[in-house]
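Colleague: okay, predicted coordinates and the sequence, questions at the end:
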Amino acid sequence: MGKRTLTFRGKPRKPEKAPSPALPQLSGVASPSSLILTGNGIAGAVKGKKKAGGARLWMRFDRDGKSEVVELDKSTIIRRAGIPARDLRILGPVFSQSSNILAREKAMVVNLEFIKAIVTAEEVMILDPLCQEVLLFVDQLRQQLPHKSESRTHEADTADVNENELQVSTRGQWLPMPETVEGLQCELPFEFQVLEIALEVVCTFLDSRVAELERNAYPVLDELARNVSTKNLEHVRSLKSNLTHLLARVQKVRDEIEQLLDDNEDMADLYLTRKWIQNQQSEALLGAAGTHGSNSTTPHLLRISSKRSGSFVTSNFPDEDDVEDLEMLLEAYFMQLDGTRNKILSVREYIDDTEDYVNIQLDNQRNELIQLQLILTILSFAIAAETLIAGSFGMNIPCQLYDKDGIFEIFVGSITAFSVLLFLLVLGYARGKKLIGT
């Protein structure tokens with residue numbers, strides 16, 4: 001026998017699948033499970049087979065009005081915004097009907113009606129941006145933020161042109177005049193611009209709902225006043241239910257703004273840009289101190305990226321307790337919400353007046369029925385008296401009147417006249433006691 005060569009054949013290996021790329025976070029590249037929207041249009045939408053666990057759709061706007069839509073999970077949001085995990089519950093479906101404006105160290109959590117957003121000094125992230133109601137807020141951000149960004153850039157360019165006029169010979173450091181600083185800082189910070197747009201959208205939405213309620217309420221109430229029917233009563237019941245629900249929504253937003261206005265510390269914590277600039281300034285001062293050593297003098301003022309911040313910043317930043325700008329902003333929308341609330345209360349008062357009028361009508365009809373019942377009772381009493389007399393003579397007892405001719409007509413006429421007289425006497429007594437109206 002010849003020798004045979006023994007060979008060992010292994011199973012062919014299957015080609016390894018290339019690992020899928022990780023989900024980009026706030027990037028402009030489209031992924032299978034994300035929708036990227038940049039500028040003013042949607043770049044593309046690809047629906048993946050599996051959605052990352054806990055990931056939700058967010059839209060990000062920066063200070064220049066540039067936007068993009070991505071899917072981010074809770075941990076990414078917490079790291080990026082620097083907020084505790086419990087704040088994300090406020091933006092969840094459990095608190096969908098609540099209104100909250102919470103201040104954190106680096107962010108502001110906004111939950112106003114359908115607007116659920118996290119605002120920082122440099123960006124705003126909006127939850128579920130493709131909802132029909134949220135699109136109103138997104139459109140307003142697209143329209144207003146770019147214009148305000150252009151305004152800030154123009155102010156920064158103007159400041160660059162006038163640099164030589166503002167410079168004081170203190171080792172080449174920038175010392176702007178107080179009037180110039182005040183003029184450049186008159187614009188609201190980025191977070192307040194976003195908050196103003198959110199309040200404007202919410203107030204406009206609530207005003208439109210109240211106007212629609214008024215258009216539907218008054219014709220229905222007038223119809224009920226003319227004709228009290230089951231159909232009209234059902235319409236009023238539905239109208240009153242909608243009014244109560246709308247009043248509660250307006251009251252929640254109004255109460256949240258009122259709570260902020262009553263606490264200056266909470267309003268001061270909402271100045272995210274102020275805290276961001278102070279942190280940048282502190283880091284710059286520490287860096288300058290470390291570079292020049294102990295002999296170098298600390299600069300009195302630093303200039304921090306005029307195109308980024310839109311203003312010059314002094315080392316002695318305005319008083320941290322100065323909340324006048326935010327207070328004026330909140331008071332304006334508080335008064336608008338108070339006016340909306342008064343409109344709803346006016347409709348409710350009109351409903352109450354209509355209900356009182358209908359109740360008066362029903363009471364009047366009930367009184368008329370009672371009077372009719374009393375008149376019929378008196379008439380029944382008079383007829384019963386006549387029947388009693390006729391029944392007494394109808395008994396089979398001996399009486400001389402039976403033998404007289406023509407006595408029947410006289411007898412019937414007499415007892416009928418007696419019953420009519422009895423009816424009139426009792427009716428007059430009832431009217432005398434005001435039991436029956438005249």
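Modeller: Now that the structure is in, tell me what you want to look at.
Colleague: and stretch 140-160, average pLDDT?
Modeller: The average pLDDT within stretch 140-160 is 63.
Colleague: kindly report the same for stretch 329-342.
Modeller: So the average pLDDT for stretch 329-342 ends up being 94.
Colleague: got the contact list for that stretch?
Modeller: 188, 192, 195-196, 199-200, 203, 206-207, 210, 247, 250-251, 253-254, 257-258, 260-261, 267 (CB atoms under 8 Å, 6 or more residues apart in numbering). Any C-beta I mention is one placed from the backbone N, CA and C, and that applies to glycine too.
Colleague: of those, just the buried ones, PyMOL syntax please.
Modeller: Only the buried entries of those go into this PyMOL selection, using 16 or more other CB atoms under 10 Å:
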select buried, resi 188+192+195+196+199+200+203+206+207+210+247+250+253+254+257+260+261+267
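Colleague: I'd like to know which of the contacts of stretch 329-342 are part of helices.
Modeller: Among the contacts of stretch 329-342, the residues falling in helices (DSSP state H) are 192, 195-196, 199-200, 203, 206-207, 210, 247, 250-251, 253-254, 257-258, 260-261, 267.
Colleague: got the contact list for stretch 91-109?
Modeller: With CB under 8 Å, 6+ apart, stretch 91-109 has contacts from 81-84, 87, 89-90, 110-113, 116-121, 127, 191, 195, 249, 252-253, 255-257, 260, 266, 269-270, 272, 275-276.
Colleague: again, only using 7 Å
Modeller: Here stretch 91-109 makes contact (CB atoms under 7 Å, 6 or more residues apart in numbering) with 81-83, 87, 89-90, 110-113, 116, 118-120, 127, 191, 252-253, 256, 260, 266, 269-270, 272.
Colleague: from those residues, which ones fall inside helices?
Modeller: 81, 87, 89-90, 191, 252-253, 256, 260, 266, 269, 272.
Colleague: which of the contacts of stretch 91-109 are buried?
Modeller: 81, 83, 87, 90, 110-113, 116, 118-120, 127, 191, 252-253, 256, 260, 266, 269-270, 272.
Colleague: now the strands for the stretch 251-400 of the chain?
Modeller: Counting by DSSP state E, counting those that start in this stretch, the stretch 251-400 of the chain has strands at residues 301-302, 313-314.
Colleague: revised request: answer the last question for the stretch 101-250 of the chain.
Modeller: 108-112, 115-119, 123-127.
Colleague: E283: which of those strands is closest?
Modeller: The closest of the strands of the stretch 101-250 of the chain to E283 is strand 123-127. By CB to CB, the value is 19.7 Å.
Colleague: where in this structure is pLDDT low?
Modeller: 1-54, 94-96, 146-186, 289-321, 438 (pLDDT under 70).
Colleague: recalculate using a threshold of 50.
Modeller: 1-53, 156, 158-185, 294-317 (pLDDT under 50).
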